[in-house]
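Chemist: what shape does this take:
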Amino acid sequence: MTSTPAQPRVYSHVDRIRSAGILGLSFVGTIVLFGGLIASIITLMVSNLWAALAVFAPVTAALWVTSRKDQHGRSLSQKALTRMGFASARRAGRTRYRSGTVGAIASGRNELPGLAAASTMSEFRDSWERPFGLIHHPHPGHVVLGFAVSPEGGALVDNHQIDSWVRGLDEALRSFTVEPDVMACQIIVEAAPGTGAKLHRLVQTSVDPNAHAVPRQALDELLQLLSSGAVVLQAYVTITFTTRTAEGGKRSVLQMGQDLSARVPFFAEILGITGAGQVRPLSAQEWCEVIRVGYDPAAQTAIEAAHHDGQTPDLSWSDVGPVAADAEWSHYRHDSAVSVTWQMTGMPQGMWTATVLAPLLAPHARIARKRVTLLYRPIDVAVQNTVAVADRKTGGFLSSGGAQDAVALENAKRREEAVAQGAGLVNFGMLITATLTDESQIPDAVVAIEGMTGAARVQTRIATGMQDTAFAAALPLGIVLPLHRAIGKATAQRRGR
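Modeler: I've put the predicted structure just below:
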């Protein structure tokens, strides 16, 4: 009697949002095109051909620079505006950040730069009496809840279990779409060098002090061997909530903390069925340590050494930012490291399995610290059907009979059917950050990341002109870029930008 092993499940029906305009134009661009044509026709009727061409020529030029797009979907006008915006920010000194006692911040503290500059940290206790921190972003009116998770991995796991975890993730994302105040979710997987301090501390608390010297010496040698060159995989999940109520009012951080204290176990349970392993809320202290190490990786050794000695590092939210940071066109220098952040511009093409991102998540010898951040933004359940129908109509309008358009239209139809049967819709993206110890390592890191994204069939590009913003968005800070207003000039000056 023989049995056939179960084949891995494949997934598809995921597409980039497409514009309903003609010739690749947006809706506004299409209106401008028709407006230019009408104006040209009227000019031709009352004047001559040359006058009509003079009217239509600027419209044609403007539409050409907005519709001419590269492989990443960026038009010539977007590239030009990004260049001008970065040049303006550099002239104004907004790409340079200095904090601390000799910095430009009046408080003399090491506060966070950029979009997280005005954020604050509060701590509460859930219904199980576990401490949990809440980040408050006052400008968009968001609070962020964070969890530390321990993914179980796919080694020696059969396909049925993997399918169960994928269904669990689907259930988790679907539950976020029906939660009225959930705005976004982040899943962060970070591969970082380990110091071995945690392993030493765990072993020392388990060793019998009266044990024989020979096995203790062998254990010490084994610990040294395991600690050298070790890579630690760390994973976090953040959920961003809005403080606004359905009636248009605003809830305070205290009210949000009291409300979420009863909901933290629910979110932990939902995440537990996704293969996240042990799920626990991040305390304010743990969150401070994570962000501090993110901006200054050299601080990891001191923080773990303090825990090894049974002490708690003295950190507050106003001290987790970098002492010095400089945003360059294609990289970001911050304290003891330099980082390059990529953004996803195209999801894996064709049919893909649950392990399609495995090459991207794995550690790499050329990159000291790598962070992959998946960004999910649930679409309100009240408008999901409208969005699905509009997507299907757009697919039908743009279909030219080609194979690619036919597949896109078929996917849109299946999404509409799935939503009608109760499925959820989410927008998603991805950021990848490679953190290095020296700028000379950037070329090798670029080659390594391009190789990993190629293996994962993910299309990416370096987030040029916005490296500081992309770096912050990839950290477990719960920043929702499309909903995050830029900080004002007065705030930027006060924060030392």
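Chemist: so what pLDDT did the residue lying closest to residue 345 once chain neighbours are set aside get?
Modeler: The shortest distance from residue 345 to any non-neighbouring residue, by Cβ to Cβ, 6 or more residues apart in numbering, is to residue 72 (4.0 Å). For glycine as for every other residue, the C-beta is placed from the backbone atoms N, C-alpha and C. With respect to pLDDT, residue 72 scores 79.
Chemist: for residue 79, same thing?
Modeler: Looking at residue 79, its pLDDT is 84.
Chemist: can you tell me the SS state at the residue nearest to residue 345?
Modeler: What DSSP: H, G, I helix; E, B strand; the rest coil gives for residue 72 is coil.
Chemist: which stretches in the stretch 51-200 of the chain count as strands?
Modeler: Counting by DSSP state E, counting those that start in this stretch, the stretch 51-200 of the chain has strands at residues 96-98, 120-125, 131-137, 142-149, 182-193.
Chemist: pairing partners for the shortest one, with directions?
Modeler: Using DSSP bridges, the neighbouring strands of strand 96-98 in the sheet come out as strand 324-327 (antiparallel).
Chemist: so what's the gap between the partner strand and the chain middle?
Modeler: Offset of strand 324-327 from its chain centre (Cα atoms, centre = their mean, to the nearest Å): 20 Å.
Chemist: so which of the strands of the stretch 51-200 of the chain is nearest residue 37?
Modeler: Minimum separation from residue 37 across the strands of the stretch 51-200 of the chain (Cβ to Cβ) falls at strand 182-193, 40.7 Å.
Chemist: name the nearest residue to residue 286, sequence neighbours excluded.
Modeler: Spatial nearest neighbour of residue 286, excluding adjacent residues (Cβ to Cβ, 6+ apart): residue 148 at 6.8 Å.
Chemist: now that neighbour: how far from residue 132?
Modeler: Residue 148 sits 11 Å away from residue 132, going by Cβ to Cβ, to the nearest Å.
Chemist: circling back: surely the residue nearest to residue 345 touches residue 464?
Modeler: No. Residue 72 is not in contact with residue 464 according to Cβ atoms under 8 Å; the separation is 10.7 Å.
Chemist: which one's more surrounded, the two?
Modeler: A count of neighbours by other Cβ atoms under 10 Å puts residue 464 above the other of residue 72 and residue 464, at 18 against 13.
Chemist: related to what we said a few turns ago, the residue nearest to residue 286 touches residue 283, doesn't it?
Modeler: No. Using Cβ under 8 Å, residue 148 is not in contact with residue 283; the gap is 9.4 Å.
Chemist: can you show me the strands along the stretch 351-497 of the chain?
Modeler: Under the criterion DSSP E, counting those that start in this stretch, the stretch 351-497 of the chain contains strands at 369-378, 426-436, 459-462.
Chemist: among those strands, single out whichever gets nearest to residue 157.
Modeler: Among the strands of the stretch 351-497 of the chain, the nearest to residue 157 by Cβ to Cβ is strand 369-378 (20.1 Å).
Chemist: and that closest one with strand 426-436, angle?
Modeler: Counting by axes from the mean of the first three to the mean of the last three Cα atoms, to 10 degrees, strand 369-378 lies at 170 degrees to strand 426-436.
Chemist: what pairs with strand 369-378, and is each one parallel or antiparallel?
Modeler: If you go by DSSP bridges, strand 369-378 pairs up with strand 182-193 (antiparallel), strand 426-436 (antiparallel).
Chemist: do you know how far residue 210 is from residue 217?
Modeler: To residue 217, residue 210 is 15 Å away according to Cβ to Cβ.
Chemist: who has more neighbours out of those two?
Modeler: The residue with more neighbours, out of residue 210 and residue 217, is residue 217; 10 against 5, by other Cβ under 10 Å.
Chemist: and that one, how close does it get to residue 230?
Modeler: 20 Å.
Chemist: any chance of the strands of the stretch 351-497 of the chain in TSV, plus distance to residue 181 and mean pLDDT?
Modeler: TSV is the format used below for these (distance: least, Cβ to Cβ, whole Å; pLDDT from 0 to 100):
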stretch	distance to residue 181	mean pLDDT
strand 369-378	11	94
strand 426-436	16	93
strand 459-462	31	93
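Chemist: make a markdown table out of those and add distance to residue 443 and mean neighbour count.
Modeler: Output for these, formatted as a markdown table (distance: least, Cβ to Cβ, whole Å; neighbours: other Cβ atoms under 10 Å):
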| stretch | distance to residue 443 | mean neighbour count |
| --- | --- | --- |
| strand 369-378 | 16 | 21 |
| strand 426-436 | 10 | 21 |
| strand 459-462 | 12 | 18 |
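Chemist: those strands: which one's closest to residue 449?
Modeler: Among those, the nearest to residue 449 by Cβ to Cβ is strand 426-436 (5.8 Å).
Chemist: which of residue 148 and residue 132 has more neighbours?
Modeler: Higher neighbour count among residue 148 and residue 132: residue 132, with 25 against 19, using other Cβ under 10 Å.
Chemist: correct me, but the more buried one touches residue 121?
Modeler: No. Contact criterion Cβ under 8 Å: residue 132 and residue 121 do not qualify, at 11.1 Å.
Chemist: many thanks, have a good one.
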